[in-house]
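Peer 1: only geometry, no sequence info:
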Ligand SMILES: [Zn+2]
């Protein structure tokens with residue numbers, strides 16, 4: 001039985017999804033104005049391991065991660081770099097997809113983008129105005145925090161205390177300093193979308209409410225994110241969604257702890273700011289994942305090179321066992337003895353650890369105990385049967401590879417195959433585009449359908465055609 005700590009109730013609870021087989025999970029994705037940092041990488045990796053463990057348990061997980069592709073930060077960067085905001089968003093979304101792939105993060109079921117869901121966002125804002133939870137002041141629409149009596153239930157903050165502490169803001173048109181923007185009137189030269197309140201763009205919080213509702217329904221199982229998002233972002237998401245739908249928004253809220261660098265807060269001004277790319281240039285994805293897996297997801301993590309070095313070293317033990325297994329499997333000898341290894345016990349310990357509020361460090365310890373025990377049996381007897389090695393491999397694939405992602409049994413060969421596959425898909429996308437330009441829609445559609453039959457979905461966006469592979 002899986003138990004998890006729910007930030008909403010501040011208790012460890014039994015996990016009972018709304019539907020016994022299917023789990024809906026949402027995680028706040030990046031604002032694509034820069035490369036994501038190593039603290040974000042921690043959040044994405046932890047959410048990835050939790051999602052993979054739910055799949056290991058047999059759940060069919062619909063994993064939704066949004067991309068904020070219009071925002072003040074994106075507009076600021078576009079002005080600095082003198083390029084359209086959409087170019088900034090395109091560049092850093094591509095970088096985001098490259099980086100999560102290199103970190104071995106399993107692709108989400110869907111990555112909705114704010115700019116592609118304006119209609120859904122507008123209709124939620126409209127519902128909030130109709131319900132008396134939002135008001136329009138000259139083209140800016142604000143959420144009326146005092147209309148939502150349960151405001152603060154996630155973060156434990158109280159409206160009256162917040163009001164006292166709230167800094168006096170310049171935006172005098174707000175009725176209350178805690179009110180936040182749902183729709184921002186566009187300034188001269190800024191990108192905008194049309195709405196009944198005038199030209200503007202969505203606020204950040206409303207995006208997540210509208211897109212999670214669209215893809216996971218009005219109420220869904222798990223919403224995850226970094227601790228720093230509890231307030232105000234997640235608190236505001238609850239206020240928006242529940243005021244618009246009049247239904248509970250999320251059953252379980254999961255939050256990941258902070259990351260410090262050498263016991264200091266990571267910041268650009270302190271010169272200790274690392275992007276995931278910076279770290280991937282020096283360390284393997286497996287070492288980064290192992291390093292993060294050694295701390296509880298809710299607790300803080302202190303990040304430094306020595307710890308990464310020792311994670312890289314720790315992986316050697318796993319890799320050595322993998323080589324031993326692979327060479328025994330390649331020899332494919334018949335006969336031999338069965339050492340009577342207790343696989344079930346290790347599997348149970350692995351599950352017990354993760355069922356206990358995703359105790360990932362404990363699950364890692366089980367894997368290293370397993371490695372030790374396997375090495376002991378191998379050095380004791382030199383005539384072990386092939387089935388034993390296959391069972392070792394099977395266990396490691398199911399746990400260390402498929403759930404934790406700290407070792408891969410499809411290394412090297414698989415990598416070059418999938419690179420080639422991606423290049424071939426890109427060629428087909430180009431051919432399809434040419435066919436479309438020549439109005440040969442039959443051929444263009446055939447290419448799309450054929451790729452679909454191989455589990456490759458094409459998606460036409462403003463920036464071109466993207467593809468997604470189903471696993
Ligand atoms: Zn969000």
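Peer 2: Sure thing, it's come through. The structure presented is a predicted model; accordingly, all values stated were derived computationally and were not measured. Numbering: from 1, shown residues only.
Peer 1: which positions in stretch 11-29 come out as buried?
Peer 2: Within stretch 11-29, the residues that count as buried by 16 or more other CB atoms under 10 Å are 15, 17, 23-29. In short, each C-beta sits where N, CA and C put it, glycine included.
Peer 1: quick one: end-to-end distance for it.
Peer 2: End-to-end distance for stretch 11-29, by CA to CA, to the nearest Å: 26 Å.
Peer 1: which residues touch stretch 449-466?
Peer 2: 86, 90, 115-116, 425, 428-429, 432-433, 448, 467-470 (CB atoms under 8 Å, 6 or more residues apart in numbering).
Peer 1: redo that, cut-off 10 Å
Peer 2: Stretch 449-466 is contacted from outside by 69, 86-87, 89-91, 93-94, 97, 110-111, 113, 115-116, 421-422, 425-426, 428-430, 432-433, 436, 444, 447-448, 467-471, using CB atoms under 10 Å, 6 or more residues apart in numbering.
Peer 1: circling back to that earlier point, biggest separation within the buried residues of stretch 11-29, which pair?
Peer 2: Spanning the widest gap among the buried residues of stretch 11-29 are 15 and 29, at 23.1 Å by CB to CB.
Peer 1: which of the buried residues of stretch 11-29 fall in strands?
Peer 2: With strands taken from DSSP state E, the overlap with these comprises 23-27.
Peer 1: quickly find the element holding the residue of the stretch 151-300 of the chain found nearest the ion.
Peer 2: Closest residue of the stretch 151-300 of the chain to the ion, CB to the ion: residue 208 (3.1 Å). Using DSSP states H and E, residue 208 falls within helix 204-216.
Peer 1: how about whichever helix or strand comes after that helix, does it reach the ion?
Peer 2: Next helix or strand after helix 204-216 toward the C-terminus (DSSP H and E): strand 220-226. No. Residues of strand 220-226 contacting the ion under CB under 5 Å from the ion: none, with a closest distance of 6.3 Å.
Peer 1: okay, now the domains of the protein?
Peer 2: The chain breaks down into these domains under automatic domain parsing: 3-265, 316-404, 413-469.
Peer 1: gap between the two ends of the second one?
Peer 2: This points to domain 316-404. Using CA to CA, the end-to-end distance of domain 316-404 comes to 16 Å.
Peer 1: what about the helix or strand hosting residue 391, distance to the chain center?
Peer 2: Here residue 391 sits within helix 386-396, counting by DSSP H and E. Helix 386-396 sits 31 Å away from the centroid of its parent chain (CA atoms, centre = their mean, to the nearest Å).
Peer 1: could you do stretch 224-238 as well?
Peer 2: Taking CA atoms, centre = their mean, one finds stretch 224-238 lying 15 Å from the centre of the chain it belongs to.
Peer 1: just the buried residues of it, please?
Peer 2: 224-226, 229-230, 232-238.
Peer 1: closest one to residue 76 out of these, please.
Peer 2: Using CB to CB, residue 233 comes nearest to residue 76 of those, at 19.1 Å.
Peer 1: check what pLDDT that closest one gets.
Peer 2: We have a pLDDT of 97 for residue 233.
Peer 1: was I right about it contacting residue 255?
Peer 2: No. Residue 233 is beyond contact range of residue 255, at 11.2 Å (criterion: CB atoms under 10 Å).
Peer 1: what's the overlap in contacts for these two?
Peer 2: 225-226.
Peer 1: can you list the residues of this protein near the ion?
Peer 2: Taking CB under 5 Å from the ion as the contact definition, the chain meets the ion at 28, 208.
Peer 1: how about the helices of the stretch 1-150 of the chain, start to end?
Peer 2: 38-56, 72-81, 85-102, 118-130 (DSSP state H, counting those that start in this stretch).
Peer 1: winner for burial among those helices?
Peer 2: Neighbour counts (mean count of other CB atoms under 10 Å) averaged over each of the helices of the stretch 1-150 of the chain peak at helix 38-56, with a mean of 23.
Peer 1: related to what we said a few turns ago, so which of the helices of the stretch 1-150 of the chain comes closest to residue 409?
Peer 2: Closest among the helices of the stretch 1-150 of the chain, once you apply CB to CB, is helix 38-56, at 15.0 Å.
Peer 1: doesn't residue 198 belong to a strand?
Peer 2: No. Secondary structure assignment (DSSP: H, G, I helix; E, B strand; the rest coil) places residue 198 in coil, not in a strand.
Peer 1: go ahead and confirm it touches residue 186.
Peer 2: Yes. The criterion here is CB under 10 Å, and residue 198 meets it with residue 186 at 8.2 Å.
Peer 1: quick one: common contacting residues for the two?
Peer 2: 139, 192.
Peer 1: burial measure for the residue of the stretch 301-450 of the chain found nearest the ion, as a count.
Peer 2: In the stretch 301-450 of the chain, the residue found nearest to the ion is residue 358; the distance is 20.5 Å by CB to the ion. Other residues near residue 358 come to 23 when the count uses other CB atoms under 10 Å.
Peer 1: where does it sit: helix, strand or coil?
Peer 2: Of the three states, residue 358 takes coil under three-state DSSP.
Peer 1: what residues of the helix or strand of the chain with the lowest mean pLDDT count as buried?
Peer 2: Every helix and strand of the chain was ranked by mean pLDDT, DSSP states H and E. The lowest is helix 159-165, at a mean of 76. For helix 159-165, a neighbour-count test (16+ other CB under 10 Å) marks 159, 162 as buried.
Peer 1: what's the first helix or strand after the longest helix seen in the chain?
Peer 2: Longest helix of the chain, by residue count under DSSP state H: helix 305-331. With elements assigned by DSSP H and E, the helix or strand that comes after helix 305-331 is helix 343-355.
Peer 1: which residues touch that following helix?
Peer 2: With CB under 10 Å, 6+ apart as the criterion, helix 343-355 contacts 1-4, 14-15, 49-50, 52-54, 56-57, 342, 359-367, 369-370, 373-374, 388, 391-392, 394-395, 398-400, 403-404.
Peer 1: for the helix or strand just after it, buried residues please.
Peer 2: Following helix 343-355 in sequence order, the next helix or strand is helix 360-380 (DSSP H and E). The neighbour-count check on helix 360-380 (16+ other CB under 10 Å) flags 360, 363-364, 366-367, 370-371, 373-374, 378 as buried.
Peer 1: do stretch 397-404 as well
Peer 2: Per 16+ other CB under 10 Å, stretch 397-404 contains these buried residues: 399-404.
Peer 1: just stretch 282-298 next, same as before
Peer 2: By 16+ other CB under 10 Å, the buried positions in stretch 282-298 come out as 283-297.
Peer 1: for the closest residue to residue 108 other than its chain neighbours, name its beta-bridge partners.
Peer 2: Among residues not flanking residue 108 along the chain, residue 65 sits closest, at 4.2 Å (CB to CB, 6 or more residues apart in numbering). Beta-bridge pairing of residue 65 under DSSP bridges involves residue 27.
Peer 1: how close does residue 65 sit to residue 113?
Peer 2: Between residue 65 and residue 113 the distance is 11 Å, computed by CB to CB, to the nearest Å.
Peer 1: now swap in residue 268 and tell me
Peer 2: 26 Å.
Peer 1: who's more crowded, the two?
Peer 2: More neighbours surround residue 113 than the other of residue 268 and residue 113, with 19 against 8 (other CB under 10 Å).
Peer 1: so who does the more buried one touch?
Peer 2: Residues counted as contacts of residue 113 (CB under 10 Å, 6+ apart) are 29, 32, 66-70, 89, 93, 207, 211, 461-462.
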